[in-house]
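Asks: I would like the atomic coordinates for the input below:
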Amino acid sequence: MREEIAIVPTPEAEIYVEDTGPEDAPVLVVLHGGPGGSGYPYRAAWEEELADYRVVYLDQRGGGRSPELPLEPRYFTIDALVDDLEAVRSWLAVDRWVPVGHGFGALVALEYARRFPELTPGVVAIGPWIHYPELARALWRAAFGSGEPPEDPTRAVEEAFAAAGPKPLFDRLSFPSQHGRAHLEWLVEGLPLAGSEGVEAAFRANGLWELDYSGYLIEYPVEVAVIAGERDGTSHPHQTERLADLTGARLELVPGAGHYPWIDEPEAFFRAFYGAVDAFSE
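Replies: Alright, predicted model coming up:
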């Protein structure tokens, strides 16, 4: 398989990029979750299934194999991530591509397509996170089981993380079985991660836990396909149904799957994935 690896410079950052697959095929760009994650586990799990597409895997600024960011909140904003993505597209000389965003990456994919609709025939949002106060409440309930979370979503998250820790809470909401969690941890075991301290601090400092993206989805300019695990406690039903309702998107639920449906139910996931991407190419 064709593979080109590069560190792409942008005005404020450098982005690690892997450009794979046939150059004349439809182009997908994979936007990982996190924030501060990496494209590595997506390529490890998807490469064979997506062999007929040109797929660009990248590590967003400050995450994965991209260089660390300065510890200043201005370096990590949604606008900055979108600007980086457009810089990568221009550097690769890609005319149009389909952003495929997972979790937090779905927010970046949606904002990119909103700003550059002429460059995006459609968006695939997998287990999307578009309403962060709702995600904060879900984490709080996962930590405490009963009661009402604080109105301030940042406070709710801080209380939840102090009580149980981020990873156990996200695991509890994301995985319907221990098998899925173990499989993902096996995929990322060898990943050389850059420090994400700057990303995590900026996420809090920029008030992203208070972000409700719903208002930007009204009269949305491109087609959207939503794919989610039916048992994804981070996204379904509150976020997935909101996104589908506001954009008129197709919502494909993968029965029995959590936040990583390609791990839990790969056959059903890729059937939904191919249907979404191929519809944008018609």
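Asks: Quick check: which ranges of this structure have low pLDDT?
Replies: Applying pLDDT under 70 to the chain flags residues 189-198, 282.
Asks: That one: strands as residue ranges?
Replies: For the chain, the strands defined by DSSP state E cover 3-9, 14-20, 27-31, 54-59, 98-102, 122-126, 223-229, 250-254.
Asks: out of the ones you listed, nearest to Leu71?
Replies: Leu71 lies closest to strand 14-20 among the strands of the chain, at 16.8 Å (C-beta to C-beta). Placement of C-beta: from N, CA and C, glycine included.
Asks: quick one: buried residues of the closest one?
Replies: By neighbour count on 16 or more other C-beta atoms under 10 Å, the buried set for strand 14-20 is Ile15, Tyr16, Val17, Glu18, Asp19, Thr20.
Asks: what angle sits between it and strand 3-9?
Replies: Interaxial angle of strand 14-20 relative to strand 3-9 (axes from the mean of the first three to the mean of the last three C-alpha atoms, to 10 degrees): 160 degrees.
Asks: Run through the helices of this protein in chain order.
Replies: Under the criterion DSSP state H, the chain carries helices at the ranges 40-46, 78-92, 104-115, 132-144, 153-164, 166-174, 178-188, 197-205, 238-247, 261-264, 266-281.
Asks: can I get those in CSV with mean neighbour count and distance to Asp232?
Replies: Shown next, in CSV, are the helices of the chain (neighbours: other C-beta atoms under 10 Å; distance: least, C-beta to C-beta, whole Å):
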stretch, mean neighbour count, distance to Asp232
helix 40-46, 20, 16
helix 78-92, 19, 22
helix 104-115, 24, 12
helix 132-144, 21, 10
helix 153-164, 18, 18
helix 166-174, 17, 7
helix 178-188, 15, 11
helix 197-205, 18, 21
helix 238-247, 20, 8
helix 261-264, 24, 8
helix 266-281, 17, 12
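Asks: Let me have the strands of the chain in TSV, extended by distance to His183.
Replies: Shown next, in TSV, are the strands of the chain (distance: least, C-beta to C-beta, whole Å):
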stretch	distance to His183
strand 3-9	24
strand 14-20	21
strand 27-31	18
strand 54-59	19
strand 98-102	16
strand 122-126	17
strand 223-229	14
strand 250-254	15
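Asks: Relative to Pro149, which of those is closest?
Replies: Distance to Pro149, taken as C-beta to C-beta, is lowest for strand 223-229 among the strands of the chain, at 22.4 Å.
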